[in-house]
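*Asks:* Fold the following, please.
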Amino acid sequence: MILSRLALRGVGALRVVTLFLLLVVFVIIGAACNSGSCCDPTFSKIQPLAGMDMSIKNFEGERFKQAKEYDVSELPDATAAYLLFFTPPDSEPIQYEIRVYPDHTSALQNGVSYAEEVSSEDALLRSVDVRWTEGTKDRRGGGAFSGQLTPMYGDYAVAGNVIMLCEGRSSEQSLERCAELLWAAGIGVEG
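*Replies:* So this is what the prediction gives:
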């Protein structure tokens with residue numbers, strides 16, 4: 001109705017279509033942000049979270065499931081590491097590896113290179129290739145039919161003293177899932 005009135009007032013068809021598409025985009029974004037999905041536009045891969053010490057307790061609740069605790073005796077400066085599943089609303093469980101460090105600086109200086117080694121499309125997936133072998137098999141994704149190993153984690157994020165390896169086929173999908181995990185835990189985002 002509004003669009004037909006605009007057309008009658010002499011507003012060009014192209015402008016009417018443009019206005020309509022903008023309205024649709026705003027409605028979709030608004031619905032997504034109110035549906036429990038992650039909408040934090042300020043999410044960055046590295047977040048200091050000053051004054052906040054995180055642990056596995058930040059990732060507890062009915063949608064979180066801790067599957068394994070890894071031995072971190074050979075992961076420099078790490079205090080704990082876990083295999084975790086998180087189930088977003090209307091979704092299948094998503095796999096994460098959570099590595100806990102004493103502080104943000106330790107995570108950056110001593111943990112990032114280990115996370116980079118086992119995430120992305122170029123991830124090292126064999127125990128003979130990685131420096132920290134604990135959980136290597138858990139970092140392998142699908143690919144059973146192709147006979148090739150594929151990485152489970154497309155990327156990682158650092159939030160305070162925690163490094164999160166996040167399941168995904170691409171860096172973008174993985175980082176979105178890292179953001180969803182933090183959002184669900186109420187960490188670093190409004191919620």
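*Asks:* Now do the SS call for Y96.
*Replies:* Here Y96 is recorded as strand under DSSP: H, G, I helix; E, B strand; the rest coil.
*Asks:* could you list every residue that touches it?
*Replies:* Contact partners of Y96, counting by Cβ atoms under 8 Å, 6 or more residues apart in numbering, are L83, L84, F85, F86, M164, L165, C166, E167, R177, C178, L181. Bear in mind the C-beta positions are built from the backbone N, C-alpha and C, glycine included.
*Asks:* now it: how far from G51?
*Replies:* The gap separating Y96 from G51 is 24 Å, by Cβ to Cβ, to the nearest Å.
*Asks:* try D122
*Replies:* 35 Å.
*Asks:* again, but for K65
*Replies:* Separation of K65 from G51 (Cβ to Cβ): 28 Å.
*Asks:* between those two, which one's more packed in?
*Replies:* Neighbours around K65 and G51, counted as other Cβ atoms under 10 Å, are more numerous at K65. The numbers are 14 against 6.
*Asks:* for the protein, where's the lowest mean pLDDT among helices and strands?
*Replies:* Sorted by mean pLDDT, DSSP states H and E, the helices and strands of the chain end with helix 13-34, the least confident at a mean of 40.
*Asks:* Toward the C-terminus, what is the element adjacent to that one?
*Replies:* Using DSSP states H and E, the helix or strand that follows helix 13-34 in sequence is strand 46-47.
*Asks:* so what are the domain limits for the chain?
*Replies:* The chain resolves into domains spanning 2-34, 46-185 when parsed by automatic domain parsing.
*Asks:* Distance from the last one to the middle of the chain?
*Replies:* What separates the centre of domain 46-185 from the centre of its chain is 9 Å, taken as Cα atoms, centre = their mean, to the nearest Å.
*Asks:* Any idea how far apart the tips of that domain sit?
*Replies:* One end of domain 46-185 to the other measures 17 Å (Cα to Cα, to the nearest Å).
*Asks:* what's the model's confidence in that domain, averaged?
*Replies:* If you average the pLDDT over domain 46-185, you get 94.
*Asks:* so what's Q47 closest to, chain neighbours aside?
*Replies:* Spatial nearest neighbour of Q47, excluding adjacent residues (Cβ to Cβ, 6 or more residues apart in numbering): A159 at 4.8 Å.
*Asks:* So the one you found is in contact with A50, correct?
*Replies:* No - A159 is not in contact with A50 according to Cβ atoms under 8 Å; the separation is 11.6 Å.
*Asks:* higher neighbour count, those two?
*Replies:* A159 (27 against 7).
*Asks:* ok, so what distance separates that one from L181?
*Replies:* Following Cβ to Cβ, the distance that separates A159 from L181 is 9 Å.
*Asks:* Now stretch 56-66 - C-alpha only, PDB.
*Replies:* What follows is stretch 56-66, C-alpha atoms only, in PDB (Å, rounded to 0.1, in the frame of the first residue of the first chain):
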ATOM      1  CA  ILE A  56      35.100 -24.200  31.800                       C
ATOM      2  CA  LYS A  57      32.500 -23.100  34.200                       C
ATOM      3  CA  ASN A  58      31.600 -20.200  31.800                       C
ATOM      4  CA  PHE A  59      30.500 -22.900  29.400                       C
ATOM      5  CA  GLU A  60      28.000 -24.900  31.500                       C
ATOM      6  CA  GLY A  61      24.300 -25.200  31.200                       C
ATOM      7  CA  GLU A  62      21.800 -27.300  29.300                       C
ATOM      8  CA  ARG A  63      23.000 -26.400  25.800                       C
ATOM      9  CA  PHE A  64      26.700 -27.100  26.700                       C
ATOM     10  CA  LYS A  65      28.200 -30.500  26.900                       C
ATOM     11  CA  GLN A  66      31.700 -31.200  28.000                       C
END
